[in-house]
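In: Fold the stuff below for me.
(2 chains)
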Amino acid sequence: NAGVTQTPKFQVLKTGQSMTLQCAQDMNHNSMYWYRQDPGMGLRLIYYSASEGTTDKGEVPNGYNVSRLNKREFSLRLESAAPSQTSVYFCASGYSPLHFGNGTRLTVT
Amino acid sequence: AQSVTQPDIHITVSEGASLELRCNYSYGATPYLFWYVQSPGQGLQLLLKYFSGDTLVQGIKGFEAEFKRSQSSFNLRKPSVHWSDAAEYFCAVGVSNFGNEKLTFGTGTRLTIIP
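Out: The predicted model follows:
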């Protein structure tokens, strides 16, 4: 019973490098979300997808792109990483409740 | 825009003692309110939620929360904490539309349990 799976768990990037964070869910949920968690700031919504083929900006979308590849998968891409994007990234799916993955800890140096 | 304030960054409680974690929200309409818990290195797990109806909401692990519209509060309570309750707790207010749910989270309260 996997739930929401995120890969990788850890990543270190240099400024300017690109990478894609992967997220997959096996609960047949329509809605999927990307959050970032920073100390003292809680979780902030980056992007969400209400259904396959649709994506919308959240509170902090700048510097990110997303792709809803199919119903199961929702990826987050950093085209040119910046130190301000050092954070823990959480993918979630569903609707009351949201189901969260275990996070990707990203460090940008 | 909605917002959530958790005024306590860190709380320490003795095992077996009662617990109350504070949450205040700002939202123009009737809010959807949630409490989530995060154990170290894990994602968030829903403890309980309030949509409407009875203002005292029961959740998992013996937690409850009370919605008080007049005080814009949704405080989380537990009568007797266990060492396994040590975690970070997040209050959230949500907008639910057509099957998706955008949550605004508070900054969290870290709970430490001492023997």
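In: Is stretch B:49-62 in proximity to chain A?
Out: Yes - using CB under 8 Å from any CB of the partner chain, stretch B:49-62 reaches chain A at B:49, B:51. (Each C-beta comes from the backbone N, C-alpha and C, glycine too.)
In: which bits of chain A sit near chain B?
Out: Contact residues, chain A versus chain B (CB under 8 Å from any CB): A:4, A:30-31, A:33, A:40-45, A:48, A:50-51, A:58-59, A:90, A:92, A:95-103.
In: Could you report the pLDDT at residue 79?
Out: No chain specified, so I'll use chain A. Residue A:79 carries a pLDDT score of 94 in this model.
In: not quite, I wanted chain B
Out: At residue B:79, the pLDDT value in this model is 97.
In: Nearest residue to it in space, please, no chain neighbours.
Out: Leaving aside its sequence neighbours, residue B:79 sits nearest to residue B:18 (CB to CB, 6 or more residues apart in numbering or on different chains; 5.4 Å).
In: before we move on, what about residue B:58?
Out: Nearest non-adjacent residue to residue B:58 (CB to CB, 6+ apart): residue B:64, at 5.2 Å.
In: now do residue A:41
Out: Nearest non-adjacent residue to residue A:41 (CB to CB, 6+ apart): residue B:107, at 6.1 Å.
In: got it, and residue B:3?
Out: Using CB to CB, 6+ apart, the closest residue to residue B:3 is residue B:26 (4.6 Å).
In: Identify the residue nearest the geometric centre of chain A.
Out: The structure's chain A has its C-alpha centroid closest to residue A:34; by CA atoms, centre = their mean the separation is 3.5 Å.
In: Find the nearest non-adjacent residue to that residue, please.
Out: Closest to residue A:34 by CB to CB, 6+ apart is residue A:46, at 4.4 Å.
In: count of neighbours near the one you found?
Out: 23 (other CB atoms under 10 Å in any protein chain shown).
In: Please tell me how far it sits from residue B:19.
Out: 32 Å (CB to CB, to the nearest Å).
In: In chain B, what residue spans correspond to strands?
Out: Using DSSP state E, the strands found in chain B span residues B:3-5, B:10-14, B:19-21, B:24-26, B:32-38, B:44-50, B:56-58, B:64-68, B:73-78, B:87-97, B:100-105, B:109-114.
In: Many thanks, we can stop here.
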